[in-house]
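Novice: No sequence on hand, only this structure:
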């Protein structure tokens, strides 16, 4: 993990973290063009194996970088290359939402969050692979640590591209586990903000109650920097690990479904953080918690059936069997049941505050273990569904290499709307894990 | 009001309510083509004065009606002409969101709710005028009761088209008061569902926290029929006025800003409903209530600044001065302030349940009075902002003609997620007001 922060020569600019690069760019010590070209070179080298991108907008990116180099510092992301999940609209740039139905589609406008990043000086390098409408049918992306394995989904290309130093920052979205799981499998930092804090305008909708825009970086500061721009919260751009946090070790109701690697990562992290001075205590699983996963699945299926009505109606044969099954299931859930589900979510959200009565963050698995083989799909979002349903801010951190030398990590979860606090704690945790 | 329900000759099909027309269509007593042509004839006659539409898709609508007439009954809206607010994407059909920036834009897909209506057999007649991005810069639409006056906004064309019998049903959205206010000014029924119950996929986003899809009809049953389809709640399609409801008379903190017409409508309604057997009692204004309007304005401005980032960045000169002012104000609100606003909303939503402890619905003004003159804008959403912020289901009902012979009404507001109950109560109220 520390390799990204060690001395970087000018011919490996693509390995700079976003935060480092932003500082060098703001000081005119490197140019946006050089950084952009370094990333494009890295993509040229690695893309044939990793397949992280659906479109690479090389010429426009270099031109945009040159414009930035000639002008004033635009904002927090001045000159930083950015990967945009192909679930986000980009003006004039192919956007297919991971579905053959939208092959060749060029939106008229940027998604609001893409535009906020451009306004802050980001250079959009291209679009990254998403699974079909951010569900479970995989795209071509492979895990850069071992291309026989999945990068996870649905934000497959973004997680792989950041992990492989093709780009320092990339957008993701999470409805079940689509930021945290690929971050875990690719060994990068994934940040899912609190629900409702980031505009979804121009992002293909799957579930009103669950869809959340977030992103990936190679450090917590990097992911927070992206958050600072899309939420317009300057405080996130000045993140520093503060005092040792109080950490609740939350094994959760699915601990027995976690593989030995994931269980070991929790123990390794707990030991290291205790030794570094953090208070680390077990947090018992509340009774209601085991019910959340099934409710999340039902809410997602019901709302996806509505959100994808146009595609269901006009191009059913171009929807994968896996997604068709989910939509069929959603179509069989009654509105009365859905209302009961939504009501229970509100009630659980109120109760979830109690989980944090003694601790700044919970530490819990973000995935069942290492990335499965690519032929077996994008992995199970089991360890994320509950947190997404509760709308809580989540940060995935890499901890160690697992039994097959693939990344294994933990996720830090915070109180609703306490994104600054959870990012600060995650920052401390990440620094002390990396030592 | 009762005129719509009295005997209808075959040469005034456009005056049928949606519910009546749906019954006749399902029984093959009238054809979708005849109904569609009757609506198109009405549009041809009245549109030059009312300007309710941005696009009329006459040929496609007639063709679609013919297809429906030849096939099986598709669903609840089989053969019913529908007006779609030009804030909703429609596949291949011009969609400009009320802004010159999107002049000539043809979306690739239908909004989810439009598609759900098509799936249920609706015939999309065209797009209805919205104000600029559903904010305050008026479009060309005039009030069909007096074309010197505004129909209200932002769902200007939809409310006017339904009021003028151009179409039995039309879509609206509400972020401040954009369904209830135009329904009040045009003398039709407007229905804003509980927040989060209807997909916004494919509807131009203004505010994540506030935007709500709903619609217009000439009876409560009609508005509920549209709700039944977009929420997939069959119960709303079988609405009948039940027993006399218990009604809380809620004058609210802005009663003194209500014009004599609006105050009188409340008294007239209260007297009529009491006489008809309803329990009608004053409900005092809770202390927190007066704070809601300002919070709604801040939340809307902050989120609009994000949602319209692309337009701000790429075409600022094509944004009206009125909207520019709102966006500038939103840009000056800090994220920390916005988070405090969102947190207070959650707290107020919890407290708002108490408003309904003794009553099935609250009855309260939906607008300050009659429609202002068109030169003075689309009117003030003051009487809607708080209810939208609280996310509660609202139904606007016409009560009487005001001092300038324009419609004046009341709105019924229900407990969160109690849409069925508030529509049932509103149905009873409407029937007894119309006597």
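Specialist: Ah, there it is. Just so it is clear, the model here is predicted, and its values are computed rather than measured.
Novice: ok, now how distant is the nearest residue to residue A:415 once chain neighbours are set aside from chain B?
Specialist: Distances taken as CB to CB, 6 or more residues apart in numbering or on different chains place residue A:356 nearest to residue A:415, at 4.4 Å, with adjacent residues excluded. For every residue, glycine as well, the C-beta is placed using N, CA and C. Between residue A:356 and chain B the computed distance is 15 Å (CB to the nearest CB, to the nearest Å).
Novice: if I pick residue A:356, what's in contact with it?
Specialist: Contacts for residue A:356 (CB atoms under 8 Å, 6 or more residues apart in numbering or on different chains) come out as A:248, A:362, A:414-415, A:418.
Novice: Helices of chain A, start to end?
Specialist: For chain A, the helices defined by DSSP state H cover A:18-26, A:32-50, A:58-70, A:112-119, A:156-163, A:180-186, A:220-231, A:260-275, A:292-307, A:309-314, A:321-332, A:335-352, A:382-390, A:419-433.
Novice: Now render those helices as CSV, adding mean neighbour count.
Specialist: Converted to CSV, those look like this (neighbours: other CB atoms under 10 Å in any protein chain shown):
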stretch, mean neighbour count
helix A:18-26, 22
helix A:32-50, 19
helix A:58-70, 17
helix A:112-119, 26
helix A:156-163, 34
helix A:180-186, 34
helix A:220-231, 28
helix A:260-275, 18
helix A:292-307, 23
helix A:309-314, 21
helix A:321-332, 16
helix A:335-352, 16
helix A:382-390, 25
helix A:419-433, 24
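Novice: Can I get these in JSON lines including distance to chain B?
Specialist: Output for the helices of chain A, formatted as JSON lines (distance: least, CB to the nearest CB, whole Å):
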{"stretch": "helix A:18-26", "distance to chain B": "19"}
{"stretch": "helix A:32-50", "distance to chain B": "18"}
{"stretch": "helix A:58-70", "distance to chain B": "13"}
{"stretch": "helix A:112-119", "distance to chain B": "4"}
{"stretch": "helix A:156-163", "distance to chain B": "20"}
{"stretch": "helix A:180-186", "distance to chain B": "21"}
{"stretch": "helix A:220-231", "distance to chain B": "6"}
{"stretch": "helix A:260-275", "distance to chain B": "28"}
{"stretch": "helix A:292-307", "distance to chain B": "4"}
{"stretch": "helix A:309-314", "distance to chain B": "4"}
{"stretch": "helix A:321-332", "distance to chain B": "8"}
{"stretch": "helix A:335-352", "distance to chain B": "4"}
{"stretch": "helix A:382-390", "distance to chain B": "13"}
{"stretch": "helix A:419-433", "distance to chain B": "9"}
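Novice: Pipe those into JSON lines and attach distance to residue B:318 and mean pLDDT per row.
Specialist: Shown next, in JSON lines, are the helices of chain A (distance: least, CB to CB, whole Å; pLDDT from 0 to 100):
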{"stretch": "helix A:18-26", "distance to residue B:318": "31", "mean pLDDT": "98"}
{"stretch": "helix A:32-50", "distance to residue B:318": "29", "mean pLDDT": "98"}
{"stretch": "helix A:58-70", "distance to residue B:318": "22", "mean pLDDT": "98"}
{"stretch": "helix A:112-119", "distance to residue B:318": "15", "mean pLDDT": "98"}
{"stretch": "helix A:156-163", "distance to residue B:318": "32", "mean pLDDT": "98"}
{"stretch": "helix A:180-186", "distance to residue B:318": "38", "mean pLDDT": "98"}
{"stretch": "helix A:220-231", "distance to residue B:318": "24", "mean pLDDT": "98"}
{"stretch": "helix A:260-275", "distance to residue B:318": "52", "mean pLDDT": "97"}
{"stretch": "helix A:292-307", "distance to residue B:318": "30", "mean pLDDT": "98"}
{"stretch": "helix A:309-314", "distance to residue B:318": "28", "mean pLDDT": "98"}
{"stretch": "helix A:321-332", "distance to residue B:318": "38", "mean pLDDT": "98"}
{"stretch": "helix A:335-352", "distance to residue B:318": "38", "mean pLDDT": "96"}
{"stretch": "helix A:382-390", "distance to residue B:318": "37", "mean pLDDT": "98"}
{"stretch": "helix A:419-433", "distance to residue B:318": "34", "mean pLDDT": "96"}
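Novice: For residue A:200, which of those helices is the nearest?
Specialist: Between residue A:200 and those, the tightest spacing by CB to CB is seen for helix A:112-119, at 7.8 Å.
Novice: what would the contacts of residue A:356 look like in JSON lines with neighbour count and pLDDT?
Specialist: Formatted as JSON lines, the contacts of residue A:356 follow (neighbours: other CB atoms under 10 Å in any protein chain shown; pLDDT from 0 to 100):
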{"residue": "A:248", "neighbour count": "23", "pLDDT": "98"}
{"residue": "A:362", "neighbour count": "24", "pLDDT": "98"}
{"residue": "A:414", "neighbour count": "27", "pLDDT": "98"}
{"residue": "A:415", "neighbour count": "20", "pLDDT": "97"}
{"residue": "A:418", "neighbour count": "18", "pLDDT": "97"}
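Novice: Name the member of these with the shortest distance to chain B.
Specialist: residue A:418 (9.6 Å; CB to the nearest CB).
Novice: Ramachandran angles for the closest one?
Specialist: Dihedral angles of residue A:418 (phi, psi; degrees, to the nearest 10) stand at phi -90, psi 50.
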